[in-house]
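[1] Here you go, sequence then predicted model.
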Amino acid sequence: MTTIDAEALEAFATELLGGIGAPESIAEKVATSLVGADVRGHTSHGVLRIPTYRAMIADGVLVPDATPECVTDLGAIAVVDGRGAFGQFVGRMAADHLCDRASEHGLAAVGVRNGTHLGRMGEWAERVASEELCYLSFVHTSGGGLVVAPAGSTTRRFSTNPVTCGVPTFDRLPFPLVLDMATSQVAHGKLDAYEADGRSIPGEWAVGGDGDPMTDPGEMGEFRADERWGALRPLGGTTAGHKGTGLAMMAELFAGILGGGPVAGQREPGAWFSNGAFMLAVDPAQFDDRGTAARKVEALVEHVRAADSHPDVPVGDAARDEELLLPGEAEYLTRRERTDGGVPLPDRVVDSLVDVATECGLDHPFTV
Ligand code: NAD
């Protein structure tokens, strides 16, 4: 593990993104989002993605100098075509649009298509909540990158289809309440993290092609590997996987119908993913006064925090820490630690970034 200062990592990521073809103004925005994910504890959506983006550029599915375009603008409803640009650039444009229009109309909906990889969806929820607006989104991958089986199956039929909600906290908390989660038991990146540490994964996370619990994360294979490798289980696992399956289907349909791009089943297996999304922002001040909303947030937070913490009742293998936190609090706490203490990067991630730097003829800040 190597720990690197967040600002130094952002400067290096900007250089690397420039090296793989992004103009400086785009590289800066994408680097801010990637390091923002690393700083909040989501290594799986941080700088480790740069080598994948390089491969996507080589295959023509990511266009590093492309600019997203608003192709439909009906006031409160808009459609943003990412045109294969960096997804973090596309997501930023969509979130800005949501904020402008929801402030004007009371609510706004944006469909996103050809978004490549929108990254950590919580970033857009935080952006919208920072304007005291509520946020909801559904995401799909345009039929590519399928890694999740429906309940009762071993066959890959969905991506990890994140569902994200954000509620502003009206100065009652130092962070917005943001639930940002894959609709699988865990995000695909969590398996990579376990594999890098040489750890087994809990049998509840994934199922092997033979139907037995998969405990070796290496058996999951590559992101684009075919379905013989087994699959992640839907959220709810062997107890309530029907709920995760239903959520994934709804995410596919909201993102596919209202955002755009093919849904799972409309592309050949093993195709590259490209995010489509449906994003909604609602102004709570149009429904009731700010003070009432603030008191509701405060009451609920106090109520939840007052629950006992029983030593025999685990929060869950995939949660941060062993205590119950509020949605978005894990990201807030991790950001506080890493802003001063630096960002830990697994050796494998450092090696892959050094490889890209070397191939692009760039210096790197690591000692290897
Ligand atoms: P996660 O399991 O790390 O966190 C899910 C939610 O649980 C978060 O809101 C977090 O604040 C909360 N949480 C964490 N620890 C907690 C605790 N101890 N108590 C209470 N709440 C806690 O998230 P995930 O499902 O692994 O998803 C990771 C990221 O991957 C997300 O940012 C998501 O947007 C992103 N993602 C993106 C795509 C894409 O295609 N763009 C696909 C899948 C996932």
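    That came through fine. Numbers count the residues shown, from 1 in each chain.

[2] any weak-confidence spans in this structure?
    Applying pLDDT under 70 to the chain picks out residues 222-228.

[3] can you list the residues of this protein near the ligand?
    Applying CB under 6 Å from any ligand atom, we find that the chain lies next to the ligand at 42, 45, 117-122, 139, 141, 160, 162, 164, 178-182, 186-187, 190, 275, 315, 318-321, 324-325, 327-328, 330-331. From N, CA and C alone the C-beta is placed, and that goes for glycine too.

[4] Mind doing that once more with 5 Å?
    With the criterion set to CB under 5 Å from any ligand atom, the chain comes near the ligand through 118, 120-122, 160, 162, 179-182, 187, 315, 318-320, 324-325, 327-328, 330.

[5] Would you map the helices across the chain?
    Under the criterion DSSP state H, the chain contains helices at 6-19, 24-39, 50-58, 87-105, 122-129, 188-196, 237-253, 290-305, 329-341, 347-359.

[6] Next, the angle helix 122-129 makes with the second one.
    Pointing back at helix 24-39 there. Here helix 24-39 runs at an angle of 100 degrees relative to helix 122-129 (axes from the mean of the first three to the mean of the last three CA atoms, to 10 degrees).

[7] Residues touching helix 24-39, excluding its own?
    With CB atoms under 8 Å, 6 or more residues apart in numbering as the test, helix 24-39 has contacts from 6, 9-11, 13-15, 17-18, 22, 43-47, 49-50, 64-65, 85-86, 88-89, 91-92, 119-120, 123, 334-335, 338-339, 343, 345.

[8] Mind listing what's buried along it?
    Going by neighbour count (16 or more other CB atoms under 10 Å), the buried part of helix 24-39 is 26-31, 33-39.

[9] Buried subset of the contacts of helix 24-39, written for PyMOL?
    Filtering those down to the buried ones (16+ other CB under 10 Å) takes a single PyMOL command:
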select buried, resi 6+9+10+13+14+15+17+18+22+43+44+45+46+47+49+50+64+85+86+88+89+91+92+119+120+123+334+335+338+343+345
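
[10] Residue 112 bridge partners, please.
    Applying DSSP bridges to residue 112 gives these bridge partners: residue 80, residue 277.

[11] Just the CA trace of stretch 348-365, in PDB.
    Extracted C-alpha coordinates of stretch 348-365, given in PDB (Å, rounded to 0.1, in the frame of the first residue of the first chain):
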ATOM      1  CA  ARG A 348      -1.500  -3.100  -7.900                       C
ATOM      2  CA  VAL A 349      -3.200   0.300  -8.600                       C
ATOM      3  CA  VAL A 350       0.100   2.100  -8.300                       C
ATOM      4  CA  ASP A 351       1.800  -0.400 -10.700                       C
ATOM      5  CA  SER A 352      -1.000   0.100 -13.300                       C
ATOM      6  CA  LEU A 353      -0.800   3.900 -13.100                       C
ATOM      7  CA  VAL A 354       3.000   3.800 -13.400                       C
ATOM      8  CA  ASP A 355       2.600   1.600 -16.500                       C
ATOM      9  CA  VAL A 356       0.300   4.200 -18.100                       C
ATOM     10  CA  ALA A 357       2.600   7.000 -17.100                       C
ATOM     11  CA  THR A 358       5.600   5.200 -18.600                       C
ATOM     12  CA  GLU A 359       3.700   4.400 -21.800                       C
ATOM     13  CA  CYS A 360       2.700   8.100 -22.100                       C
ATOM     14  CA  GLY A 361       6.300   9.300 -21.400                       C
ATOM     15  CA  LEU A 362       5.200  11.000 -18.100                       C
ATOM     16  CA  ASP A 363       6.900  11.200 -14.700                       C
ATOM     17  CA  HIS A 364       5.100   9.700 -11.700                       C
ATOM     18  CA  PRO A 365       5.100  10.600  -8.000                       C
END
